[in-house]
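**Q** Structure here, sequence nowhere to be found:
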């Protein structure tokens with residue numbers, strides 16, 4: 001093998017989602033170029049994910065405290081570097097401030113990258129960071145080759161904060177694999193007991209307030225007052241799931257909600273295939289919004305909030321609909337419009353497929369990253 005790329009993910013690989021799909025595609029392209037791929041997560045992958053990630057050039061490691069700062073995690077990272085001797089190290093979901101870049105330099109890592117996946121808090125104001133934070137960040141990140149931003153929004157926020165020189169920030173979009181099988185809609189309905197005569201409005205996300213679940217619950221009440229043949233399907237887990245379920249009980253709409261919990265693979269499991277409309281009503285400033293691209297790749301029309309990098313994915317009225325954050329009445333109006341107009345759904349979905357193929361194609365965007373690594377002929 002020509003060399004090794006060590007990818008450090010501050011995430012738990014318990015389902016097949018955007019990060020896992022990225023990791024597999026990266027490993028495949030590195031293998032084509034004759035490179036080894038070391039994938040390091042916070043915990044052991046589930047059996048399904050391990051099989052999904054496996055390959056002839058792949059090694060899987062764990063670093064339980066990768067997203068933390070401290071001597072223990074530095075020591076463990078150092079041990080990984082000694083073991084695999086990577087030429088390239090790339091960190092994801094691990095925070096902006098760490099001594100890890102200097103550790104990489106100590107171990108003669110030739111190129112180091114950090115991807116800014118961070119979704120900012122609701123109403124985040126883009127502005128320059130305090131002087132002490134800029135100085136500290138510039139020092140800690142001096143050995144970094146580039147900071148990769150997953151949207152123009154994140155690139156703008158990162159450059160404006162001054163935590164790293166703006167000319168070292170490179171925007172490379174996340175991507176989705178349009179070749180993946182979208183699963184079987186009928187099987188999905190049968191699995192979760194969803195009546196055939198109900199249209200499905202789907203949201204795939206963490207069950208937390210920041211994802212706008214409360215706004216979707218309010219929108220659902222407005223939708224159901226006009227159209228009772230709708231089932232709202234919530235895919236995901238989170239600390240507030242129980243409270244949200246209780247809210248539907250109190251509102252008298254619980255029988256129009258299905259809570260699947262965390263699915264191993266919402267795409268292959270048929271969640272998108274079964275949906276008539278996909279919603280993503282986030283309140284916080286999304287760095288990207290993988291659910292949006294997954295829905296578009298599966299040919300489903302979107303209702304999403306106008307936050308963070310989402311308008312770079314969804315063009316209002318062209319590839320989906322954008323609504324204001326915390327505006328359930330707007331979301332309800334768009335959901336009802338789509339449910340009543342199958343031809344409109346198909347037009348938006350067809351544009352969405354083209355946008356994914358042109359801008360958010362996983363193979364192309366990972367290829368752009370690998371070229372940034374300086375590895376030729378990878379795809």
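**A** In hand now; what should we look at? These numbers were taken from a predicted model, which means no experiment stands behind them.
**Q** As a check, name the ranges of all helices in this protein.
**A** Secondary structure of the chain (DSSP state H): helices at 18-32, 47-53, 71-84, 100-106, 131-140, 152-161, 185-192, 213-226, 241-251, 271-274, 290-297, 328-339, 342-359, 362-373.
**Q** With respect to residue 176, which of those helices lies nearest?
**A** helix 290-297 (4.4 Å; C-beta to C-beta). From N, CA and C alone the C-beta is placed, and that goes for glycine too.
**Q** Flag the shaky bits of the stretch 51-200 of the chain, pLDDT-wise.
**A** 67-68 (pLDDT under 70).
**Q** hmm, try it at 80
**A** Applying pLDDT under 80 to the stretch 51-200 of the chain flags the ranges 65-70, 95-97.
**Q** Just name the most buried of the helices of the chain.
**A** Of all the helices of the chain, helix 290-297 has the most neighbours on average by mean count of other C-beta atoms under 10 Å, namely a mean of 28.
**Q** contacting residues around that helix?
**A** The contact list for helix 290-297, computed with C-beta atoms under 8 Å, 6 or more residues apart in numbering, reads 17-18, 174-178, 180, 202-205, 266-267, 272, 275, 278, 280, 301-302, 304, 310, 313-314, 319-320, 349, 352-353, 355-356, 360.
**Q** Just these: which are in strands?
**A** 202-204, 278, 280, 302, 304 (DSSP state E).
**Q** Same list, these, but as a markdown table with pLDDT please.
**A** Converted to a markdown table, these look like this (pLDDT from 0 to 100):
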| residue | pLDDT |
| --- | --- |
| 202 | 98 |
| 203 | 98 |
| 204 | 97 |
| 278 | 98 |
| 280 | 97 |
| 302 | 97 |
| 304 | 98 |
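**Q** how far away is residue 123 from residue 230?
**A** Distance, residue 123 to residue 230, by C-beta to C-beta, to the nearest Å: 31 Å.
**Q** Counting neighbours, go ahead and name the busier of these two.
**A** Per other C-beta atoms under 10 Å, whichever of residue 123 and residue 230 has more neighbours is residue 230, with 20 against 10.
**Q** Report how many residues lie close to the residue nearest to the more buried one when sequence neighbours are not counted.
**A** In this structure, residue 230 finds its nearest non-sequential neighbour in residue 199, 5.2 Å apart by C-beta to C-beta, 6 or more residues apart in numbering. Using other C-beta under 10 Å, residue 199 is surrounded by 18 other residues.
**Q** Pop the domain breakdown of this structure in here.
**A** Listed domain ranges for the chain are 3-175+361-373, 185-359 (source: automatic domain parsing).
**Q** any idea how far the longest one is from the chain center?
**A** Spelled out, that is domain 3-175+361-373. Distance, stretch centre to chain centre, for domain 3-175+361-373: 14 Å (C-alpha atoms, centre = their mean, to the nearest Å).
**Q** Same check on the last one?
**A** How far domain 185-359 lies from its chain's middle: 15 Å, per C-alpha atoms, centre = their mean.
**Q** so who does residue 124 touch?
**A** For residue 124, the contact set (C-beta under 8 Å, 6+ apart) comprises 157, 284-285.
**Q** Could you do residue 256 as well?
**A** 198, 220, 224, 228, 230-232, 248.
**Q** Distance check, it against residue 54.
**A** 40 Å.
**Q** Same check on residue 302?
**A** For residue 302, the distance to residue 54 equals 33 Å [C-beta to C-beta].
**Q** ditto for residue 339
**A** Separation of residue 339 from residue 54 (C-beta to C-beta) stands at 41 Å.
**Q** Residue 326 too?
**A** 43 Å.
**Q** Comparing those two, which shows the higher neighbour count?
**A** residue 326 (15 against 12).
**Q** show me what contacts that one?
**A** By C-beta under 8 Å, 6+ apart, the residues touching residue 326 are 212, 215, 283.
**Q** Skipping adjacent residues, who's closest to residue 203 in space?
**A** With C-beta to C-beta, 6+ apart, the residue lying closest to residue 203 is residue 279, at 4.7 Å.
**Q** was I right about that neighbour contacting residue 216?
**A** Yes: the pair residue 279 / residue 216 is scored as a contact, 5.9 Å apart, by C-beta atoms under 8 Å.
**Q** Spit out the residues that contact the two alike.
**A** 203, 331.
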